[in-house]
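[1] Predicted coordinates and the sequence they were generated for:
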Amino acid sequence: MPRVVFAAAVQRHVPAPPVTVDGACVRDALEAAFVHTPRLRGYVLDDQAHLRKHMSVYVDGVAIRDRTELSETVTSNSEIYVLQALSGG
Amino acid sequence: MAPQILAATRKGLFTLEADGRSWRIARVDFLGDNCSMVLADKRSGTIYAALEHGHFGVKLHRRGAGQTAFEEIAAPTFPPKPEGLIDTDGFGKTIPWTTLKIWALETGGANEPGLLWCGTIPGALFRSRDHGTSWELIRPLWDEPKRQKWFGGGADLPGIHSILVDPRDDKVVRLGISCGGVWVTRDGGESFANEGNGMWADHMPPEAMYDPNIQDVHCLAQCRDHPKQLWVQHHNAIFRSIDDGQTWTECKDVKPSVFGFAVVAHPRHAGTAWFVPAIKDEQRIPVDGRLVVTRTRDGGACFETLSNGLPERPAYDLVYRHGLAISDGGDDLAFASTCGGLWISSDQGDHWVEAPMRLPPVHAIRIVD
């Protein structure tokens, strides 16, 4: 099962320990993680459920490119890192 | 002296209390975070604070009377944007259906406990009927085709920064929009009209100069006890209306400058209002480096320059549209700047006292009577 890790900056506002979740793509994995911490969703995704402008998601060390649909596939061994971009602070 | 001043700053929410003839910081919330707006609900004693995280978006927090801590509550959010819909502003920029800034936050009328109004960038109006626990987008304004003629002023996108609930009728709500002029609903948000004949925009082509729907209203204010009297601090002028905002008249010969962002109206005295002038508009600094306040007591025929207690040294403080506040009684004034200065007057601006601190850049202040 993929593992989702949230960077420290967001945890200043919403505690979010790493979670292992079901999901075959980034969208599914993140939505599953948000079930554990619903308030986190609005910190990562905007009103249209797109990745916020100044957030980034890495899958196994590679930044995703589809910031709208979050369609990149993940494997059962994937590490998904959700972190703030180096902008917008 | 007013008992408390709330200052929403780039680095947190500061609560100041009078300390003899001076002021002290009594409380700091959200230190380090960008607090874009604060509201003190006089009906319930609740404090609302809007945060604008660079990475994590817009959030709203609430602290009830007697509570020690803020709790995060729902922030206004947009519904899913219909697939294929093209939604652009007056300059052709795509309007994102996501809340980028809480730019105005006001209570409903005295007979509407729990009702709040919120204006945002992009330019939308939201309403809560449950103390901010949930919000609804006011569709009649959002779906108004004329909205697509609005455009951003200093901001990249148009937004609603002024919300005035009419003291005579809670269902009448006026909005100041940059750049979209003055809009009013007389049925509690079911329908809206753009009003503002008489305003003109010197930066627009001649054909568009007098269009009420593109006016760059920086701030809109209303006299509580003479509510037909309204004021607009506009991009290139100060305008006054004495007929409920139906028509607007420009105030002439305003020194040192007609440019500024803030205006407050005296709650009881018709014709009395205060402004904080600056050089327009690419510079946005006080004229000659002198930070002053201007006041009119005769409906804008004459303006006094108030500087007693304000810096005699060069000062390049700019005061945003929500950075000037007046108490319900009308004697206490306060204003705060982008340089973190805060000045208070208890005699309608004749004398000012500088708070003994430098705050982070100030977005908005409120006087809590």
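    Perfect, I can see it now.
[2] can we go C-alpha only for contacts and neighbour counts from here?
    Fine.
[3] and the lowest-mean-pLDDT helix or strand in chain A, what does it pack onto?
    Using mean pLDDT, DSSP states H and E, helix A:8-11 stands out as the lowest-scoring helix or strand of chain A, at a mean of 91. Where contact means 3 or more CA pairs under 8 Å, 6 or more residues apart in numbering or on different chains; DSSP states H and E, helix A:8-11 is packed against strand A:79-84.
[4] Restricting to C-alpha, output the strand it packs on in CSV.
    The C-alpha coordinates for strand A:79-84 follow below in CSV (Å, rounded to 0.1, in the frame of the first residue of the first chain):
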residue,chain,number,x,y,z
GLU,A,79,6.2,6.9,-1.1
ILE,A,80,4.1,10.0,-1.7
TYR,A,81,5.5,13.2,-0.3
VAL,A,82,3.2,16.3,0.1
LEU,A,83,5.2,19.4,0.7
GLN,A,84,5.1,23.1,0.2
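[5] What pairs with it, parallel or antiparallel?
    The strands beside strand A:79-84 in its sheet (DSSP bridges) come out as strand A:3-6 (parallel), strand A:55-59 (antiparallel).
[6] These into CSV, with extra columns for mean pLDDT?
    Output for the strands paired with strand A:79-84, formatted as CSV (pLDDT from 0 to 100):
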stretch, mean pLDDT
strand A:3-6, 96
strand A:55-59, 96
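[7] Now the least confident helix or strand of chain A: buried residues?
    Residues A:Val10 are the ones in helix A:8-11 that count as buried (16 or more other CA atoms under 10 Å in any protein chain shown).
[8] what's in contact with the helix or strand just after that helix?
    Proceeding N to C from helix A:8-11, the next assigned helix or strand is strand A:19-20, under DSSP states H and E. Strand A:19-20 is contacted by residues A:1-5, A:33 when judged by CA atoms under 8 Å, 6 or more residues apart in numbering or on different chains.
[9] which among those residues gets closest to B:Glu106?
    A:Ala33 (35.1 Å; CA to CA).
[10] which residues touch that closest one?
    A:Ala33 neighbours (CA under 8 Å, 6+ apart): A:4, A:19-21.
[11] helix, strand or coil for it?
    Following DSSP: H, G, I helix; E, B strand; the rest coil, A:Ala33 is assigned to helix.
[12] so how far is A:Pro2 from it?
    Here the criterion is CA to CA, to the nearest Å. By it, A:Ala33 lies 10 Å from A:Pro2.
[13] With mean neighbour count and distance to B:Glu106 as added columns, please give the strands paired with strand A:79-84 in TSV.
    Below are these laid out as TSV (neighbours: other CA atoms under 10 Å in any protein chain shown; distance: least, CA to CA, whole Å):
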stretch	mean neighbour count	distance to B:Glu106
strand A:3-6	22	35
strand A:55-59	21	31
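[14] ok, B:Thr107 - contacts?
    B:41, B:114-117.
[15] returning to what we had before: max pairwise distance over the contacts of strand A:19-20: which two?
    A:Met1 and A:Val5 (13.0 Å).
[16] Residue 52: what's it in contact with?
    Here I'm looking at chain A. Residues in contact with A:Arg52 (CA under 8 Å, 6+ apart) are A:43-46, B:55-57.
[17] wrong chain, I was asking about chain B
    B:33-36, B:58-59, B:100-102.
[18] neighbouring strands for the helix or strand hosting it, and are they parallel or not?
    Using DSSP H and E, B:Glu52 falls within strand B:47-53. The strands that strand B:47-53 pairs with in its sheet are strand B:35-40 (antiparallel), strand B:57-63 (antiparallel) (by DSSP bridges).
[19] List the contacts of the shortest one.
    Which is strand B:35-40. Under CA under 8 Å, 6+ apart, the answer for strand B:35-40 is B:6-13, B:46-52, B:101-106, B:363-366, B:368.
[20] Hmm, B:Asp347 and B:Asn308 touching each other?
    No: using CA atoms under 8 Å as the test, B:Asn308 is too far from B:Asp347 to be in contact (11.3 Å).
[21] Now the common contact residues for these two.
    With CA under 8 Å, 6+ apart, B:Asn308 and B:Asp347 have no common neighbours.
[22] Chain B: helices as residue ranges?
    Counting by DSSP state H, chain B has helices at residues B:139-142.
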